[in-house]
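*Asks:* I would like the atomic coordinates for the input below:
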Amino acid sequence: MKKAIYIFLFIISQSFFAQQSNQLWKGYFSYNEIVDVESASDAVFAATQNAVFSKAITSSDLKIFNSINGLKPESITTIHHSQTANKTFAGNTNGLLLIINSDGSVSTKVDIINEVPVPPNKKKINDFYEHEGKLYIATDYGISVMDVATSEFIITYFIGTSGEETEVLQTTVLNNQIYAVTRSFGIRKGDLANPNLYDFSQWQTFDTGFWGGIVTFNNELVAMNADAKTYRYNGTSFQQVLNQTQAGLKIKTNGTELIVTTQNHVFVLNQAYSQIAHITQIPNYNAIFKAATVVNGILYIGTEKDGLFSAALTNPSVFEAMSPSGPVRNYIFRVKKAPNYLWAVYGDYSRDYNPYALDEFGISKFSTDNGWELIPYNDLFQAKSISDIVINPNNPNQVYATSYFSGLLKIENENIELFNNTNTGPNGLESLVVPGSPSYVDIRINSPAFDKDGNLWLTNAFVDKAIKVLRSNGQWQSYNLADVAPTASTGRYGPMAIDKNRTKWIPTLNDGLIAFNENYNNKFIVVNSINGNLADNDVRCVAVDNRNQLWIGTFAGLRVVSVDRFISETELTVNSIIIQEGDLAQELFYQQTILDIAVDGANRKWVSIADGGVFLVSSDGQETIYRFTKNNSPLPSDNINDIEIDGVSGEVFFATDKGMVSFLGTSTKPSDSLSDVFVYPNPVRPNFVGTVKISGLTDKANVKITDIEGNLVYETTSSGGTIEWDTKAFGKHKVASGVYMIFVASEDALDSTVKKVMIIR
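*Replies:* Here you go, the predicted model:
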């Protein structure tokens with residue numbers, strides 16, 4: 001049954017997504033984690049795992065390619081720009097080849113994935129080398145050859161000594177001889193004039209040593225050896241030209257300079273093999289180098305986590321940051337939208353709430369005025385594994401961030417405080433106890449949520465008094481879970497939700513769902529799979545909707561319950577949602593791992609499924625409105641860590657393990673009046689692809705659209721604050737050019753307004 005539901009929803013989602021345009025999507029990617037850098041005669045190209053960007057040298061024209069404009073990689077490993085064809089090639093870990101064409105379109109080549117007869121884990125693309133119109137692709141199985149002009153594959157060479165696949169790290173051509181650095185068989189050599197080169201026996205072993213890369217420079221072979229040295233081949237023997245002290249990561253040449261990159265060194269040599277630059281650090285950064293190249297006397301260095309930098313070879317100590325603005329990294333764990341900023345944190349934990357290895361990242365915030373800004377790790381008292389964030393609803397400038405190791409951070413404008421076990425008193429935050437290490441401090445705080453009285457509630461893992469609250473008056477208080485949760489002393493807790501009655505709904509790893517309300521004599525109810533019909537005792541997320549229904553996402557399915565039942569009952573049994581397809585009744589999200597649930601202004605639910613993308617379902621769950629995956633949308637990954645909705649604009653943010661994107665939804669929070677009704681775009685121009693949005697509506701407002709003569713062409717009732725119109729007359733045909741009247745009336749007809757929209761075909 002699980003498989004049947006999955007396929008059914010997938011088919012629905014494909015048809016829904018066919019109606020969508022990438023104009024509704026935005027990308028919020030990081031361009032700091034560089035994997036490769038490539039030169040052209042007038043530009044530099046750089047790649048992260050999921051994007052490619054380039055900057056023209058003279059004009060500084062920036063071009064970015066990511067999932068929003070069609071570049072949808074698995075994980076980029078290397079890039080190459082063809083000057084003759086004006087194409088950029090991006091290779092991936094799984095053999096996927098992406099081509100950015102001269103017109104900006106993106107082509108996807110799956111020949112290696114589908115046709116090369118080797119295991120999937122042997123298809124990684126390691127390097128590109130272009131020679132006489134052919135692109136030689138070094139992979140983990142051998143060499144594939146592509147026609148640069150047509151982008152068609154020509155042939156594949158398996159060059160192991162017995163014809164087996166072997167990891168080819170890099171290739172080059174000298175005097176029509178192709179040289180391939182392999183992982184297991186040294187440097188292999190073949191004659192490109194040989195029509196039988198597909199026969200492995202036509203290849204020779206040029207050198208049996210252990211090499212990491214090879215280029216043609218100054219009409220000679222130059223190669224990096226495993227002994228952390230670089231050598232030139234003078235026709236009879238290898239001669240050392242560089243001792244880089246570390247294993248080489250990349251060796252490149254632009255024809256006039258030779259560039260060797262290691263983890264902590266970048267060397268630039270001229271054609272006489274004289275060192276003209278040696279970079280060991282970038283001021284103010286603890287940079288780890290990944291790749292480097294030179295364009296027109298400018299050195300470009302890609303780093304592991306700090307982005308792309310440039311410096312003139314004549315002054316290689318003054319660097320300029322070159323990466324486009326973005327968050328610190330693409331793996332965003334939680335995101336929160338305040339009126340003035342979008343906040344993002346990067347610290348994470350595993351399914352069993354293990355934060356190790358501890359993350360040491362700052363906190364990012366984004367605004368349209370200032371772009372992306374970073375609060376550095378050192379300014380946050382070096383708090384590690386910052387895994388969640390909450391905005392004070394009464395003061396949007398006051399932000400709290402929970403560290404799953406160091407305690408609780410309070411950020412208010414430029415002022416930052418850290419709360420931990422030393423400054424919150426006997427009822428405050430606690431460190432877990434490590435037997436034999438009484439001085440060890442590990443304060444695992446999670447689940448931040450404000451109640452409507454301005455109190456901040458938290459969970460404290462691995463202690464009996466696991467529920468903490470920072471009262472609005474600054475006092476701390478704790479509540480003991482030891483009597484209600486069998487594993488309280490080792491308990492771990494997910495993000496909580498607080499309902500209108502001030503009941504706290506707390507997901508746990510092993511004890512199901514804990515409901516607690518201090519206003520009812522410290523009442524607790526525990527819902528689990530034995531006594532409450534919970535799908536699984538590992539509860540991942542909860543969300544209270546606009547009709548006071550609690551949606552519960554577990555490791556193995558979905559459940560719902562009315563929050564008001566907590567007040568009158570001593571035990572709770574939760575329910576599944578049954579959907580009907582023909583004669584078949586099915587459980588919604590049966591046995592699916594639910595990562596997050598978010599409720600939009602129309603009470604619809606966005607549901608993130610592990611490895612399954614995201615669903616938008618109707619308020620009761622009976623209708624699937626959208627399903628977005630990395631295959632049918634700009635989502636960079638099917639694992640969405642967090643969903644956040646801007647209730648004013650309707651923008652839905654998806655924070656994934658490979659970057660963050662957003663979808664411009666239509667379900668905003670309803671307005672209190674019709675004084676701010678807004679129509680966009682207006683006018684609707686001929687090249688516009690999308691729908692007309694009418695925002696600022698009250699809930700259940702009646703909207704009628706007529707032509708200038710009063711003929712009705714569309715009518716609907718709002719659910720939330722925004723509706724959309726596909727510019728068709730009752731969905732049948734597009735209306736003609738002209739001015740259209742929009743009549744809006746509140747549900748009680750006491751408030752009304754009239755707007756106009758011009759449509760130009």
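
*Asks:* Was I right to think A312 contacts N296?
*Replies:* No. A312 lies out of contact with N296 (C-beta atoms under 8 Å); the separation is 9.8 Å. Using the backbone N, CA and C atoms, a C-beta is placed for each residue, glycine as well.

*Asks:* L374 reaches I363, doesn't it?
*Replies:* Yes. Taking contacts as C-beta under 8 Å, L374 lies within contact range of I363: 7.4 Å.

*Asks:* Neighbour count: those two, which is higher?
*Replies:* Taking L374 and I363 together and counting by other C-beta atoms under 10 Å, I363 has the greater number of neighbours (26 against 14).

*Asks:* low pLDDT regions in the stretch 151-300 of the chain?
*Replies:* Across the stretch 151-300 of the chain, not a single residue meets the criterion (pLDDT under 70).

*Asks:* which non-adjacent residue is nearest N537?
*Replies:* G512 (4.6 Å; C-beta to C-beta, 6 or more residues apart in numbering).

*Asks:* and if you look at E164?
*Replies:* Sequence neighbours aside, F158 is the residue nearest to E164 in space, at 6.6 Å (criterion: C-beta to C-beta, 6+ apart).

*Asks:* give me the number of residues near the one you found?
*Replies:* Number of residues near F158 (other C-beta under 10 Å) recorded here: 20.

*Asks:* Ok, Q477 next?
*Replies:* For Q477, using other C-beta under 10 Å, the count is 16.

*Asks:* Which secondary structure state is assigned to it?
*Replies:* Assigned with DSSP: H, G, I helix; E, B strand; the rest coil, Q477 falls in the strand class.

*Asks:* Looks like it contacts L458 (just checking).
*Replies:* No. Q477 is beyond contact range of L458, at 10.9 Å (criterion: C-beta under 8 Å).

*Asks:* Please identify every residue contacting each of these two.
*Replies:* Common contact partners of Q477 and L458 (C-beta atoms under 8 Å, 6 or more residues apart in numbering): K468, V469.

*Asks:* where exactly do the helices run in this protein?
*Replies:* 2-17, 111-115, 565-568 (DSSP state H).

*Asks:* Report the rounded mean pLDDT for the first one.
*Replies:* Read that as helix 2-17. Helix 2-17 comes out with an average pLDDT of 37.

*Asks:* Next one: G601, what pLDDT does it get?
*Replies:* On the pLDDT scale, G601 is placed at 88.

*Asks:* Against T48, how distant is the closest residue to it other than its chain neighbours?
*Replies:* Leaving aside its sequence neighbours, G601 sits nearest to G720 (C-beta to C-beta, 6+ apart; 3.4 Å). As judged by C-beta to C-beta, to the nearest Å, G720 and T48 stand 36 Å apart.

*Asks:* Would you check how far apart the residue nearest to T508 when sequence neighbours are not counted and N86 are?
*Replies:* With C-beta to C-beta, 6+ apart as the criterion, T508 has its nearest non-adjacent residue at 5.6 Å, and that residue is Y493. Taking C-beta to C-beta as the measure, Y493 falls 54 Å from N86.

*Asks:* got it, and P376?
*Replies:* Going from P376 to N86 by C-beta to C-beta gives 40 Å.

*Asks:* Now do the strands in the stretch 101-250 of the chain.
*Replies:* 106-109, 125-131, 134-139, 143-147, 152-157, 168-174, 177-182, 187-191, 204-207, 211-217, 220-225, 229-233, 238-243, 250-253 (DSSP state E, counting those that start in this stretch).
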